[in-house]
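Chemist: Just the structure for this:
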Amino acid sequence: MQVSISKTFYAYGFAGLIVLFALSMIIGAVAVNASPAYWIAALYNNGSVNFNTCSVDSVGSVTFLNSAGTLYITQIARGYDGYLYCAGYNSVAGNSNLLWRINEITGIMDSSWSISNLSSNSANANMCLKCGPDGNLYFTQSGRTYIDQINPASMAVTQISLGGGSPNTMSGGIAFDQTGRYAYVSQVLSGNYEVNEYDMKNFWAPVPGFVIYEPVHGGIQQIYGLVGGTDGNLYVSNYYNSTDGHSTVYRFNQSTGVWDSTWSATTGAAGTSTRVKDLAWDGSNGNTMLYATANNATLVRVNASLSGAGQTLANCLTLSSPYTYIYDLTMNTPFTALTANVTLNGYVGDMSLVNLRVDIRDSTDSVTIKTQTVTPSAPVGSTSVTTVMFPTVPTGSYIVRASAGKWLTSSTPVTFSSGNTVVGLSLLNGDLNGDNYVEDQDYSIMGEAWYQGGT
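Modeler: I've put the predicted structure just below:
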């Protein structure tokens with residue numbers, strides 16, 4: 001069964017899970033703020049089957065919808081294609097882990113898109129669903145030694161083996177760095193909770209020497225959430241530490257894994273019943289706001305730019321009974337994307353022998369922020385035009401640079417704040433000695449090759 005309101009937004013649950021929407025619309029006489037803040041999956045538990053519609057007028061106003069059904073949502077991730085992806089299970093069909101998606105604008109479930117049986121584990125096992133910087137979905141679940149990579153366009157599922165432990169995901173066991181190259185996975189190795197780094201561009205090889213472990217309080221005992229901030233830090237939630245009685249968020253340097261002992265955030269006094277779970281980062285418009293779900297149907301947050309240990313995770317949303325639990329959230333942060341159309345001139349050979357590299361570098365052209373290496377498109381005549389997309393880039397000013405084999409490197413400055421920015425780069429062929437100039441030496445190399453009968 002389904003229930004619709006205004007622009008027809010749907011959510012699903014059987015006295016169970018709902019999706020919480022912050023909507024830009026008017027529902028009857030209830031006005032809601034113009035900009036959605038986040039979507040969450042929450043537990044609705046009154047012991048009966050019924051419809052529920054409610055709005056909460058608070059900071060980041062939200063509207064949540066619940067209808068009778070059999071799909072239980074435990075994880076929610078926002079894709080780069082305009083869909084909200086939901087992970088859960090069907091209470092009638094059995095404990096099959098499912099993925100389905102909802103159009104975030106219309107609220108309509110895409111009946112042509114679903115994936116089932118991602119795992120043989122029980123449906124209530126701890127799992128995590130995140131959208132990676134490459135646009136793929138990543139699904140993890142406790143008790144496994146691999147991650148499911150899902151291509152949203154083709155629905156193809158690829159298992160990525162990590163080895164040496166199981167991803168202990170709880171409600172957020174995978175995160176990504178800002179360069180789009182590295183992934184962080186919470187794992188249980190020999191009974192200890194830790195976070196390891198993997199190189200996605202190198203067949204998910206583990207990064208040697210990178211292990212996150214907070215030593216002062218006996219380690220991070222229960223890792224429930226991970227998120228990479230646009231400030232270059234990785235934030236890790238410790239659900240409960242028996243040493244000091246706190247539920248705490250710690251932060252670590254994304255590049256080195258070094259613990260920042262000068263900063264932490266907690267939910268209150270030691271022994272408080274509020275437990276921090278999944279984490280989300282709002283980096284839009286220069287924000288540094290860290291959100292966290294809690295076990296008592298609340299949402300908490302802290303400004304990560306504040307200095308000092310013991311920052312307070314302040315309550316920003318509480319769901320009243322019969323809503324008893326918030327499982328997961330995903331931010332409605334505006335996407336910034338870059339599309340580079342790269343033209344390679346003067347070549348009629350086999351493009352499979354050519355590596356085209358596109359870098360996004362900082363405004364001083366000294367640090368690479370993101371990079372992709374692809375095979376160029378087949379030439380039409382003597383010209384090849386290749387489109388390279390970066391789905392998520394932090395806002396700001398950059399230098400975009402393209403390089404390929406014997407072509408001259410080309411670069412251009414670009415500044416954007418949201419949406420998709422398209423740049424064009426044209427590379428001239430003829431740099432035979434690789435010094436990024438076309439000059440007499442290149443002509444000599446070409447003449448010698450011609451004389452020797454080469455090409």
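Chemist: Any regions of the stretch 101-250 of the chain where pLDDT drops low?
Modeler: When residues are selected by pLDDT under 70, those of the stretch 101-250 of the chain lie in 106-107, 119-125, 163-172, 190-191, 214-219.
Chemist: so where do the strands sit in it?
Modeler: Using DSSP state E, counting those that start in this stretch, the strands of the stretch 101-250 of the chain run over residues 109-116, 127-131, 137-141, 146-150, 157-161, 166-167, 174-176, 182-189, 192-199, 205-212, 223-228, 233-241, 246-253.
Chemist: Quickly run through the sheet partners of the second one, with directions.
Modeler: Strand 127-131 has the following strand partners under DSSP bridges: strand 137-141 (antiparallel).
Chemist: between the strand it pairs with and strand 157-161, what angle do the directions make?
Modeler: Computed by axes from the mean of the first three to the mean of the last three C-alpha atoms, to 10 degrees, the angle separating strand 137-141 from strand 157-161 equals 50 degrees.
Chemist: nearest to Thr298, of the strands of the stretch 101-250 of the chain?
Modeler: Proximity to Thr298 (C-beta to C-beta) singles out strand 246-253 among the strands of the stretch 101-250 of the chain, at 12.0 Å. For glycine as for every other residue, the C-beta is placed from the backbone atoms N, C-alpha and C.
Chemist: Tell me the spacing between Thr364 and Val188.
Modeler: According to C-beta to C-beta, to the nearest Å, Thr364 and Val188 sit 42 Å apart.
Chemist: for Ser264, same thing?
Modeler: Using C-beta to C-beta, we find Ser264 at a distance of 22 Å from Val188.
Chemist: Mind checking which of the two has more residues around it?
Modeler: Comparing Ser264 with Val188 by other C-beta atoms under 10 Å, the one with more neighbours is Ser264, at 20 against 15.
Chemist: give me the beta-bridge partners of the more buried one?
Modeler: Counting by DSSP bridges, Ser264 is bridged to Tyr250.
Chemist: Could you list which residues are in contact with it?
Modeler: Contact analysis of Ser264 by C-beta atoms under 8 Å, 6 or more residues apart in numbering lists 248-251, 309-311.
Chemist: Name the member of these with the shortest distance to Val414.
Modeler: Nearest to Val414 out of the contacts of Ser264 is Arg251 (C-beta to C-beta; 29.8 Å).
Chemist: Look up the pLDDT of the closest one for me, please.
Modeler: pLDDT recorded at Arg251 is 93.
Chemist: is it true that Leu234 touches Asn253?
Modeler: Yes. Applying C-beta atoms under 8 Å, one finds Leu234 in contact with Asn253, separated by 7.5 Å.
Chemist: So which of those two has more stuff around it?
Modeler: The residue with more neighbours, out of Leu234 and Asn253, is Leu234; 25 against 13, by other C-beta under 10 Å.
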